[in-house]
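Enquirer: Pasting the sequence and the predicted coordinates here, then a few questions.
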Amino acid sequence: MHTLTSGQPSESSTPWIAPPSLADAPALDVIFIEGFVGHTVIGIHETELHRTQPLVIGVHAGLARARACDTDRIADTIDYGAVCERLRRLMAEHKLQLLEAFAETIADIVIREFGAAWVRVKVAKPRKFDDVTAVGVQIERRAPPAKEHLTHSGAVLHLIGSGMVPG
């Protein structure tokens, strides 16, 4: 069990306990983009549906020990320049209304298109209200485990190996 305490008093006297899924996960190299600012149409209120507004995006993408550490080649890691370009394209093309759906789309892109094993995405609307610095959402997602796709012959061999013979 991993615990973290800051030595500072908190609202709860219970120390922070890392979830087992994170505590037992392999170490990750994290490529990050902080403070990406773009303008897009997003929202649910009438005032948000006809003009662009700024969004501030943060992306942290984890790779299990990027090969680029050994090869020094951009092709062996996540190219944050390419991710920024993809974010610009998304902001121009999407038809989403909620920041949650927008953040989920970013997470999916970073995992599917850029090969991240884990991603944290933060999307904020700065100065949405006069008395608030920003509102927004932050999500974390993991890539689904690689599934073994059995061909028909592979499935038959699997059955034979288990003692079952197909008819």
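Expert: That came through, no problem. Everything quoted here is computed from the prediction, not taken from an experiment. Numbers count the residues shown, from 1 in each chain.

Enquirer: Distance of the closest residue to R73 other than its chain neighbours relative to V123?
Expert: Sequence neighbours aside, R67 is the residue nearest to R73 in space, at 7.8 Å (criterion: C-beta to C-beta, 6 or more residues apart in numbering). C-beta: built from backbone N, CA, C; applies to glycine. Between R67 and V123 the distance, using C-beta to C-beta, to the nearest Å, works out to 29 Å.

Enquirer: The two: which has the busier surroundings?
Expert: The neighbour count for R67 versus V123, taken as other C-beta atoms under 10 Å, is higher for V123 (26 against 14).

Enquirer: tell me which element the more buried one is part of?
Expert: Counting by DSSP states H and E, the element that carries V123 is strand 118-126.

Enquirer: Any buried residues in that strand, and which?
Expert: Neighbour-count burial for strand 118-126 flags 118-125 (criterion: 16 or more other C-beta atoms under 10 Å).

Enquirer: List just the nearest of these to L63.
Expert: Nearest to L63 among the buried residues of strand 118-126, counting by C-beta to C-beta, is W118 at 8.5 Å.

Enquirer: and that closest one, what is it in contact with?
Expert: Neighbouring residues of W118 by C-beta atoms under 8 Å, 6 or more residues apart in numbering: 25, 28, 61-62, 140-143.

Enquirer: Out of those, which end up buried?
Expert: Burial by neighbour count, judged by 16+ other C-beta under 10 Å, picks out 28, 61-62, 141 from the contacts of W118.

Enquirer: taking the residues you listed one by one, which sit in strands?
Expert: Members of the buried ones among the contacts of W118 lying in strands (criterion: DSSP state E): 61-62, 141.

Enquirer: Among these, which one lies nearest to G43?
Expert: Nearest to G43 among these, counting by C-beta to C-beta, is R141 at 23.1 Å.

Enquirer: quick one: which of the contacts of W118 is nearest K95?
Expert: Using C-beta to C-beta, R141 comes nearest to K95 of these, at 21.2 Å.

Enquirer: Next, work out how far apart the residue nearest to the spatial centre of the chain and F129 are.
Expert: In the chain, the residue lying closest to the centroid (C-alpha atoms, centre = their mean) is V119, at 2.7 Å. V119 is 28 Å from F129, where distance means C-beta to C-beta.

Enquirer: And V135, by the same measure?
Expert: Distance, V135 to F129, using C-beta to C-beta: 7 Å.

Enquirer: Good, we can wrap up now.
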